Structure formats: structure tokens, C-alpha cells
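1. Everything below, folded, please.
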Amino acid sequence: MTDRPMTVVQCWDDGVTNDARLTEILRRHGAKATFNLNAGLHQAKRTPAAWTYQDTAVGRLGWDEMPAVYAGFTIANHSLTHPHLEQLPLAEARRDIVEGRDRLQQFFGQPVLGFAYPYGTYNEAVMDLLREAGHVYARTVGNVEQPFPPQDPMAFHPNCHFLAADFWARYEKARAGGVFYFWGHSYEMITAAMWAEFEAKIARISADPAARWGELTELFVEK
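-> Here you go, the predicted structure:
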């Protein structure tokens, strides 16, 4: 263990309407985050009920509101249409990856260097496509005690999901490695109590003198 603060990184998938509430909380506590978006699934205006989660409608943000919702945060690619990429013909997978990245870069005006695997599934061919397209890392849904440095940046396993029962135990164990990485979907918070617990979690990390919020890309790209 070193005297340097542990770097805490987080990312959130799917571009849902609850991200507006989430980003307000993150800004309130000075927390950084990356949002993994599917450029081919958003409409000009929000889609109020794109799907349901535990009998609760999940809305997808519209392009018209995303600049304000994600202002100050990092955008990453989650593919164009959220398929199981490893099940597609190579040319189709390449298009879904490349076009997804290009659209996000053009819209947000920032480099899109990160990726999150739809459904957490991938293979070696997909990993090669991501490198070819210019991504510097790709997040899985695995759980590891020491995520950084990953054996392969295209299989970057986080420490845990944000709702993991042993979240704080993993947080403490991660200090030895210097990086703690969690992820999730904001639509998974379906009660006021869950939102309050989440904000308390972010506040606790922000108040930790031995931790700092970081950007995922900074782990791989020197400024």
C-alpha cells in the first residue's frame, strides 16, 4: 500500500432518464463518472417507457436533453444498438462498434475512448475490433479484487456492481491496488431509500481523505 490516494472510478450504462437524477447527486459531491451510451437507441425526445425493470417503466433520454444531463462527465461507447456483439458477423459487429463511437464523438464533441460490453459478453474477435476502432479499454461485468492494471484493457473487470452486498469490503480491499471501480444502471434504484443510500455512498467516498475520484480514461491515457 502506498501513501497515494486510491483512485475511485465509476460508470453507468444505457442512457436512461434516471441518469438526470444521478448526475445531480454526483455533481453535488464532486464525483466523476463515465456514461456508456447506445447512440442508435436514442430518439430526439425521451422515450418514457423503453422497457420495464421490476414492474417499473424505464425511460431513455432524448438527444435534446443529453448535453445538459451529461455536462461535465465522460461519455463512452456501449455499441450502437446493444447487441450480443460476439454473435454477429464480424462486419456487422464492426459497424455497430465504429458507428456507435463515431456518433457519440460527433454529438458530444469529446473523444470516446472507453467501451462497455452489451450484456457483458464478448470474445477475442470483438476485443480486436475495439482496439481497431480506437478504444483504450472495455468494461466487462466481472468482479475482481484488484482491477488495475488489467491483464488486457479490452477485458477490464470492475471490482463490483454498485449494489453489491460487500461493496464496502471490496472498497477497503482495493486500497492496496490503488484503484476501486464500480458500475451499474441508475434505473436499478427504484425506491427513495435506495436513492438516499446511494447518495450517502457517494458522499462517504467523497469525504474519504485517502481516496480521489478519477476518470477511467486517465488510467490508460497519459495527459
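2. how about low-confidence regions in this structure?
-> Along the chain, segments meeting pLDDT under 70 span 1-2, 223.
3. in it, which helix has the most residues?
-> Using DSSP state H to define each element, the chain has its longest helix at helix 90-108.
4. what helix or strand does residue 199 sit in?
-> Per DSSP states H and E: residue 199 is located in helix 192-207.
5. starting at the chain centroid, how far to that helix?
-> Computed by CA atoms, centre = their mean, to the nearest Å, the chain-centroid distance of helix 192-207 equals 18 Å.
6. Over to stretch 25-36?
-> Between the centre of stretch 25-36 and the centre of its chain there are 11 Å (CA atoms, centre = their mean).
7. Need the distance between the two termini of that stretch.
-> Stretch 25-36 has an end-to-end distance of 18 Å (criterion: CA to CA, to the nearest Å).
8. Flag every buried residue along it.
-> Across stretch 25-36, burial judged by 16 or more other CB atoms under 10 Å covers 25-26, 31-36. In this view, the C-beta of every residue, glycine as well, is placed from N, C-alpha and C.
9. And the helices in the protein?
-> 19-28, 66-69, 90-108, 124-133, 167-174, 192-207.
10. Residue 76: which of those is closest?
-> The closest of the helices of the chain to residue 76 is helix 90-108. By CB to CB, the value is 8.0 Å.
11. Buried residues, that closest one. List them.
-> 93-94, 96-105, 107-108.
12. As a markdown table, the helices of the chain with distance to residue 151 would be great.
-> Below are the helices of the chain laid out as a markdown table (distance: least, CB to CB, whole Å):
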| stretch | distance to residue 151 |
| --- | --- |
| helix 19-28 | 30 |
| helix 66-69 | 34 |
| helix 90-108 | 21 |
| helix 124-133 | 12 |
| helix 167-174 | 17 |
| helix 192-207 | 26 |
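13. just so I know, which of those helices lies nearest residue 220?
-> Evaluated with CB to CB, the helices of the chain place helix 124-133 nearest to residue 220, the distance being 12.0 Å.
14. so what does the closest one touch, helix or strand wise?
-> Secondary-structure packing of helix 124-133 (3 or more CB pairs under 8 Å, 6 or more residues apart in numbering; DSSP states H and E): helix 90-108.
15. one more time with 10 Å, if that's ok
-> Secondary-structure packing of helix 124-133 (3 or more CB pairs under 10 Å, 6 or more residues apart in numbering; DSSP states H and E): helix 90-108, strand 114-116, strand 137-139.
16. which strands and helices sit next to the last one?
-> Where contact means 3+ CB pairs under 10 Å, 6+ apart, strand 137-139 is packed against strand 6-13, strand 74-77, strand 114-116, helix 124-133.
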